[in-house]
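> need coordinates for the below:
(chains A and B)
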Amino acid sequence: MQKHLMTMIALGLCVTLVTGCQTQKKGGKSVGSDIPLSAIPADTFIEPPAEYRSVFRNVLFDFDSSTIRSDMKQSLNELATWLTDHQGVKVRLEGHCDERGTEEYNLALGERRALSVRSYLVQQGVSPQRLFTVSYGEERPLNPAHNEFAWAENRRVEFKVSQ
Amino acid sequence: MRPMKKFYLYSVFSAILIVFILTTQCVQSAQVEITISKKIDRKTRVTLLPFFAKDADSSDLLLARELFSVLNFDIRHAGYFELWPKETLPEKVLERGKQYRAMDFDFWINYATEMIVKGTYSVSGSTVTIELYCYDMANRSTLFAKTVSGNKSDLRSLTHSICGAFIEKLSGGRPSMATSKIAYTVKSGATSTLFTMDYDGQNPRQITFDKSLTLNPEWLNDASGLLYVSYRSGYPLLYLKNLQTNNIRLISDKPGLNVTPALSPDGKKIALTMSFNGNPEIYVIDLDGNILQRVTYDEDVDSSPTWSPDNYHLAFVSDRSGTPQIYVADYRTGNIKRVSYRGTYNTSPDWNPIAGSSMIVYSSMYGKNSELYLVDINNGNTRRLTTTLESEEDPSWAPDGIHISYTLTQNYRSYIYFMDVRDGEPVRLTENDVDCRTSTWGPAQ
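All right, here's what the predicted structure looks like:
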């Protein structure tokens, strides 16, 4: 009888552990998938002009993550303010991954990173109609080296602008 | 008298049984089922004889050598045969193959071979005619005989087609990879280009000429065209190139991603990853780009769909658990179940194309090294297919459901290989100086 009870408790614990693991999510995914992308504009996007370069700083990510890191929020908040002051500017968010992992998955992850930045800017009041995304997956590394330092630089969202 | 009769009955029965075993032995041994256990099927011992000119005056040694090299590759890698004997046959024996139109079975008994394959060729103008014969030693019969003819410039594909017909006959109708091609991308700086090659690595052909990224090739079921993703417009859109007319058609240009296409086995639907609703999700569209169904509804990455042979299920990658894993969705009910549990980075699933198969091959990354795995989705059992220090990823099944092509990366250079998933013996297909990746195996033709 006692053995039976112990088994039950053990089982219960296992179930709790398993469900606990399942519900544990990566943070920062609260922004849902309900902001449709606008039609792709015909305009050409260019590198931000030199005088605004400091506003458009690359957003960096952790491995296999599209969560906006807390150390990236400051510069994104500044960018949101700048975009509110410059209503005519459209922005293309370009998502990239490091070379690890498969090309197909990284295409989706790069897009997910760009969409994550887009959602964050929309939360700060920027119109989603001004924010476009493109993913380059692992195809366009910023730093061609094959080490942790290069990978950290390559997991990024870059900005291109259009008037 | 009674026991005698019984004995007589027994011997008749055994004789019938022996005849039955003998006649079915060769064909039986070619039946293959891919399962999770590492089981190497017994292979039939085949002796290949060189091709000889039907008319001795039109002997062309170079042509004969090329014919033999194609035959040798196709038979060696088909997965059903063991080339026999191990050592090279003496010149005198090879000469003997030449002299006899029919088989001299008694002579070959000493070699313990089970089948003899030999062929002839004849050339008239630019036309070449190839005959291929296979003799079954156990039955002392002709098991296969076929003649093909065509342009001399198509010599290799003619030989592949006759070998393919032979292999298909011996495997009880299972498609052969001998006539198939493999599509792949070649990376050069910030651009990549789509190519196709014969499954033996020969005859590479450039398919796209955009000065941009070209990714995710996917064959039409009759090999008449290729779906692929190109950034020629600046965005990842889905195109279809007709390989006969070279006509290119835009299939899907939704905002955001239009990537990782997978054509259904019935050829009517394309599953792909699109993000126009604000998140990468799996959708199914028709060949005109109209959305037929949305398959996934979660806030995480969903990508890389692959169809089950019955058109009713889709396997795909999702990081809804926190890491990328393989899931299977029922196309009709929308029910989704996870099928990979081992490892923290499982991507690039490809569903075995043979009807009823529950085997999915995928790549699993640990640190910076990726290996190939096989999973049986009925019970979740897995088997690791590669154990090298190099990285192997992006597997794609051959039409025979026995072989897979994949990308092997060594010192930051990538090559296309294939292997028989039963023995894992790697065969390299691409050259040293080209960076090749994301192979997709085309249909048998």
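
> need the contact list for B:Met115.
Counting by C-beta atoms under 8 Å, 6 or more residues apart in numbering or on different chains, B:Met115 touches B:26, B:44-47, B:81, B:134-137, B:143. C-beta coordinates here come from the backbone N, C-alpha and C atoms, glycine included.

> I'd like these laid out as TSV, including pLDDT, distance to chain A and secondary structure.
Shown next, in TSV, are the contacts of B:Met115 (pLDDT from 0 to 100; distance: C-beta to the nearest C-beta, whole Å; DSSP: H, G, I helix; E, B strand; the rest coil):
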residue	pLDDT	distance to chain A	secondary structure
B:Cys26	44	41	helix
B:Thr44	93	37	strand
B:Arg45	94	40	strand
B:Val46	94	38	strand
B:Thr47	92	42	strand
B:Phe81	94	33	strand
B:Cys134	93	41	strand
B:Tyr135	91	46	strand
B:Asp136	91	45	strand
B:Met137	88	47	coil
B:Leu143	92	43	strand
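
> reformat these as TSV; add neighbour count and distance to B:Ser192.
Below are the contacts of B:Met115 laid out as TSV (neighbours: other C-beta atoms under 10 Å in any protein chain shown; distance: C-beta to C-beta, whole Å):
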residue	neighbour count	distance to B:Ser192
B:Cys26	21	45
B:Thr44	22	41
B:Arg45	19	44
B:Val46	21	40
B:Thr47	21	44
B:Phe81	22	37
B:Cys134	22	42
B:Tyr135	23	48
B:Asp136	22	48
B:Met137	20	50
B:Leu143	19	45
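
> where exactly do the helices run in the stretch 151-300 of chain B?
Remark: helices assigned in the stretch 151-300 of chain B by DSSP state H, counting those that start in this stretch are B:155-170.

> flag every residue of it that's near chain A.
By C-beta under 8 Å from any C-beta of the partner chain, the part of the stretch 151-300 of chain B that sits against chain A consists of B:187, B:190, B:192, B:213, B:215-216, B:233-236, B:253-257, B:259-260, B:273, B:275-281, B:299-300.

> just the buried members of those residues?
Among those, those scoring as buried are B:187, B:192, B:213, B:215-216, B:235-236, B:253-257, B:259-260, B:273, B:275-281, B:299-300 (criterion: 16 or more other C-beta atoms under 10 Å in any protein chain shown).

> so what's the residue count around the nearest residue to B:Leu48 once chain neighbours are set aside?
Spatial nearest neighbour of B:Leu48, excluding adjacent residues (C-beta to C-beta, 6 or more residues apart in numbering or on different chains): B:Val117 at 5.2 Å. By other C-beta atoms under 10 Å in any protein chain shown, the residues close to B:Val117 number 21.

> what bridges to B:Val117?
B:Leu48, B:Cys134 (DSSP bridges).

> contacting residues for it?
Counting by C-beta under 8 Å, 6+ apart, B:Val117 touches B:46-49, B:71, B:75, B:132-135, B:166.

> contact residues of chain A facing chain B?
Counting by C-beta under 8 Å from any C-beta, chain A sits next to chain B at A:22, A:24-26, A:29, A:31-40, A:64, A:66, A:100-105, A:107-109, A:111-112, A:115, A:118-119, A:132-137, A:139-140, A:146.

> just the ones in strands from the residues you listed, please.
Taking DSSP state E as the definition of strands, the residues of chain A next to chain B contribute A:132-135.

> in CSV: the residues you listed, plus pLDDT.
Output for these, formatted as CSV (pLDDT from 0 to 100):
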residue, pLDDT
A:Phe132, 95
A:Thr133, 96
A:Val134, 96
A:Ser135, 97
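
> out of these, which is most surrounded?
When neighbours are counted by other C-beta under 10 Å, A:Ser135 leads these with 29 neighbours.

> OK, contacts around it?
A:94-96, A:107-111, A:113-114, B:236, B:257.

> between these, which is closest to B:Asp394?
Within these, the smallest distance to B:Asp394 is 12.6 Å, found for A:Leu107 (C-beta to C-beta).

> what's the nearest residue to the closest one if we skip its chain neighbours?
A:Leu107 sits nearest to A:Gly137 (C-beta to C-beta, 6+ apart), 4.0 Å away.

> for B:Asp41, same thing?
Going by C-beta to C-beta, 6+ apart, B:Asp41 has B:Val32 as its nearest residue, at 5.6 Å.

> per-residue confidence for B:Phe107?
At B:Phe107, the pLDDT value in this model is 80.

> my bad, B:Arg174
93.

> what is the neighbour count of the residue nearest to B:Ser308 when sequence neighbours are not counted?
Nearest residue to B:Ser308, sequence neighbours excluded (C-beta to C-beta, 6+ apart): B:Trp351, at 5.4 Å. By other C-beta under 10 Å, 25 other residues sit near B:Trp351.

> against chain A, how distant is B:Trp351?
B:Trp351 sits 15 Å away from chain A, going by C-beta to the nearest C-beta, to the nearest Å.

> contact partners for that residue?
B:306-309, B:313, B:315, B:357, B:359-360, B:397.

> those residues in strands, which ones?
Among the contacts of B:Trp351, the ones falling in strands (DSSP E) are B:306-307, B:313, B:315, B:359-360, B:397.

> of all the residues you listed, which comes closest to B:Val148?
B:Trp397 (26.8 Å).

> so how far does stretch A:95-111 reach from one end to the other?
End-to-end span of stretch A:95-111 (C-alpha to C-alpha, to the nearest Å): 6 Å.

> kindly report the same for stretch B:410-424.
Stretch B:410-424: ends 18 Å apart by C-alpha to C-alpha.

> check stretch A:94-113 too.
The first and last residues of stretch A:94-113 sit 9 Å apart, counting by C-alpha to C-alpha.

> averaged pLDDT, it. What do you get?
Stretch A:94-113 comes out at a mean pLDDT of 95.

> having no further points to raise, I will conclude here.
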